[in-house]
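*Asks:* Sequence first, predicted coordinates after that:
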Amino acid sequence: MSITRRTFVKRAAISGITAAVIMTGTDKAVAKAAAEGNYALLHDLEKCDGCVNFDTPRCVVACRTKNQPNFPEPQADIMNYWPQKNYEDWSDKREVTDRLTPYNWTYVQHLEFEHQGKTVKVHIPRKCMHCDNPPCSVLCPFGVNDKMPEGPVVINPNGCFGGSKCRDVCPWHIPQRQAGVGLYLKAAPKFAGGGVMYKCDMCYDLIKKGQEPACVTACPQGAIKFGSQEELRDYAHKWAQDNDGYIYGDVENGGTSNYYISKIPFEAINKAIKEQDIDGKPGRIIMSPEIQNPLDEPAKMMSGFAIAPVAGVLAAGISAYNIMKGGADHED
């Protein structure tokens, strides 16, 4: 996707004004309307073997290969940005595949733990959940994080300032930031953002062509399904009923376009994930069934709004300043 000067100014200015007055009910209505005909993903954890016979899971390889042209190429000299005293740079860790990074948009979590007296192994492909009512999109102060009509939640890297508000409000903290790239370098390298945020976009460009996401076609076990959100939700519920199983992603964070089915309860899976000592390790994410949409919690919602309007106004002001200087691209 590309963003024009006029579009960016309009969206940044609007985000600064509307972020303070967004009503959760309105957002849900918009998301519901957009969800009509949504696509979704379904991961069958009973079929996924983690590609243990390969050096790297095939879905991860396919995702990296397909999205390599979109990976960030930071400038050589990356500066700290106010008020931060550091920056996030994964450019020398591009080969990391055991967590989410700006260069790795899906990974497989390998678990081995005791459940009901037996040792079980579970392998979980992790990626963006593509929420029905994504708080990352609602609170993006720059207006470049969108829930698409087809279902994916997509970040436009051409307008992202890397403020990481999307990661802050994401219950799974999924988007990851790479410094030294993006619009902020031209607009205000010392004062705005810190790069660009990256995450799975469900291969949105392929979806628009009528094709399946790369991870789906690459899975040798057929453990990842792609199709209508409604049909996959129905499939998940029937499977859970027939197999005395469990579903993840159907109600978490208000509902998502990314489902998981398993015969092991997700409370047990999440406990095993936490026991891997993921705290403090960027890009390693939990799988709690108790996750709620922060926009449904007044305290967290107001906390998000407290920052979003300021950032939106800042973005609009910076962009307007650069336009007056003639430093921004224009569309006509």
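*Replies:* Received the coordinates, thanks.
*Asks:* Which SSE is immediately downstream of the helix or strand Arg167 falls within?
*Replies:* Secondary structure assignment for Arg167, by DSSP states H and E: helix 165-169. Sequence order places strand 176-178 as the next helix or strand after helix 165-169, per DSSP H and E.
*Asks:* Could you name the helices and strands sitting against that following strand?
*Replies:* The helices and strands touching strand 176-178, judged by 3 or more Cβ pairs under 8 Å, 6 or more residues apart in numbering; DSSP states H and E, are strand 196-198. Any C-beta I mention is one placed from the backbone N, CA and C, and that applies to glycine too.
*Asks:* Please point out which parts of stretch 57-75 sit buried.
*Replies:* By 16 or more other Cβ atoms under 10 Å, the buried positions in stretch 57-75 come out as 57-64, 66-67, 71-72, 74.
*Asks:* What's the local residue count around the residue lying closest to Val122 once chain neighbours are set aside?
*Replies:* Distances taken as Cβ to Cβ, 6 or more residues apart in numbering place Leu111 nearest to Val122, at 4.5 Å, with adjacent residues excluded. When neighbours are counted by other Cβ atoms under 10 Å, Leu111 registers 20.
*Asks:* oh, and call the first residue 783 from now on, that's how I've got it
*Replies:* I'll keep to 783 as the first residue from here, and by that count the last item is Leu893.
*Asks:* Can you pull up the most central residue in the protein?
*Replies:* Closest residue to the average C-alpha location of the chain: Cys910 at 3.9 Å, with Cα atoms, centre = their mean.
*Asks:* So the closest residue to it other than its chain neighbours: helix, strand or coil?
*Replies:* Nearest residue to Cys910, sequence neighbours excluded (Cβ to Cβ, 6+ apart): Cys982, at 4.1 Å. The assignment at Cys982 comes out as coil when based on DSSP: H, G, I helix; E, B strand; the rest coil.
*Asks:* contacting residues for Cys982?
*Replies:* Cys982 makes contacts with Cys845, Trp887, Thr888, Lys909, Cys910, His912, Ile956, as judged by Cβ atoms under 8 Å, 6 or more residues apart in numbering.
*Asks:* and Asp871, how many neighbours does it have?
*Replies:* Neighbour count of Asp871, defined by other Cβ under 10 Å: 16.
*Asks:* what pLDDT does it get?
*Replies:* pLDDT recorded at Asp871 is 94.
*Asks:* Could you do Leu988 as well?
*Replies:* 97.
*Asks:* quick one, what contacts the nearest residue to it once chain neighbours are set aside?
*Replies:* Excluding the flanking residues, the one nearest Leu988 by Cβ to Cβ, 6+ apart is Pro995, at 6.1 Å. Contact criterion Cβ under 8 Å, 6+ apart gives Leu823, Met984, Cys985, Leu988, Ile989, Phe1008 as the residues in contact with Pro995.
*Asks:* Max pairwise distance over these: which two?
*Replies:* Leu823 and Leu988 (12.6 Å; Cβ to Cβ).
*Asks:* Could you check which of the two is surrounded by more residues?
*Replies:* Leu823 (29 against 17).
*Asks:* Might one say that Leu1077 is in contact with Val920?
*Replies:* Yes. Using Cβ atoms under 8 Å, Leu1077 makes contact with Val920 at a distance of 6.3 Å.
*Asks:* show me where pLDDT drops low in the chain?
*Replies:* Across the chain, residues meeting the criterion (pLDDT under 70) sit at 783-819, 974, 1059-1062, 1079-1114.
*Asks:* let's go with 90 and repeat that
*Replies:* Counting by pLDDT under 90, the chain contains low-confidence ranges at 783-819, 857-868, 920-921, 923-925, 945, 965-976, 1058-1066, 1074-1114.
*Asks:* where do the strands sit along it?
*Replies:* Secondary structure of the chain (DSSP state E): strands located at 821-826, 889-897, 900-908, 927-929, 935-937, 958-960, 978-980, 1006-1010, 1028-1030, 1040-1044.
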